[in-house]
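Trainee: Would you be able to build a 3D model of this:
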Amino acid sequence: MSEKKKLTLTQEKMKELAGFEEVLDLFFDGQKILSAQEARTHKDDTFEIYSFLEKENSRLQQLDNLFSQQMRTHEFYGQTSDLCEQQSMKLDQNKNLLVEELSKEDSPLQKNLTELFNKTF
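Mentor: Numbers count the residues shown, from 1 in each chain. Model prediction:
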């Protein structure tokens with residue numbers, strides 16, 4: 001079996017042969033006729049795909065490195081429990097400060113509650 005080749009023509013030749021596409025199909029047995037510009041874009045596509053695949057390969061290798069080597073460090077030297085303890089201590093401190101501020105006689109909460117009770121009763 002013979003492979004079908006693509007015929008590449010310049011832009012001027014394509015203009016000269018305009019209207020004779022059916023005749024060209026008969027002579028070239030269904031070969032694809034491309035202008036020179038279209039032929040270049042097909043070549044450029046392969047380089048774009050190759051470049052994309054190289055970048056994707058690099059990205060995946062870096063992810064593999066992260067999950068296979070650096071995550072081990074996290075397993076052996078985890079900081080989760082220490083961070084949780086620090087955050088719970090900060091939360092307790094903030095709650096205590098909030099209660100102190102709201103329990104003062106001149107706090108906005110006390111003023112609003114006093115006004116509400118005075119209007120209601």
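Trainee: Report all helices and strands that the host helix or strand of residue 97 contacts.
Mentor: For residue 97, the element it lies in under DSSP states H and E is helix 80-103. Of the remaining helices and strands, those touching helix 80-103 by 3 or more CB pairs under 8 Å, 6 or more residues apart in numbering; DSSP states H and E are helix 108-120. Any C-beta I mention is one placed from the backbone N, CA and C, and that applies to glycine too.
Trainee: how big is the angle separating the helix it packs on from helix 80-103?
Mentor: Relative orientation of helix 108-120 versus helix 80-103 (axes from the mean of the first three to the mean of the last three CA atoms, to 10 degrees): 40 degrees.
Trainee: Give the other helices and strands that helix 108-120 contacts.
Mentor: Under the contact criterion of 3+ CB pairs under 8 Å, 6+ apart, helix 108-120 touches helix 80-103.
Trainee: before we move on, back to that, extract the C-alpha trace of the helix holding residue 97 and format it as CSV.
Mentor: The C-alpha trace of helix 80-103 is given here as CSV (Å, rounded to 0.1, in the frame of the first residue of the first chain):
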residue,chain,number,x,y,z
THR,A,80,0.3,19.3,63.6
SER,A,81,-0.1,18.6,67.3
ASP,A,82,2.1,21.6,68.3
LEU,A,83,0.2,23.9,66.0
CYS,A,84,-3.2,22.7,67.3
GLU,A,85,-2.0,23.3,70.9
GLN,A,86,-0.9,26.8,70.1
GLN,A,87,-4.1,27.6,68.4
SER,A,88,-6.2,26.3,71.2
MET,A,89,-4.2,28.4,73.7
LYS,A,90,-4.8,31.5,71.5
LEU,A,91,-8.5,30.7,71.3
ASP,A,92,-8.7,30.4,75.1
GLN,A,93,-6.9,33.7,75.6
ASN,A,94,-9.2,35.4,73.1
LYS,A,95,-12.3,34.0,74.8
ASN,A,96,-11.0,35.2,78.2
LEU,A,97,-10.4,38.7,76.8
LEU,A,98,-13.8,38.8,75.2
VAL,A,99,-15.5,37.8,78.4
GLU,A,100,-13.6,40.4,80.4
GLU,A,101,-14.5,43.2,77.9
LEU,A,102,-18.2,42.2,77.7
SER,A,103,-18.6,41.9,81.4
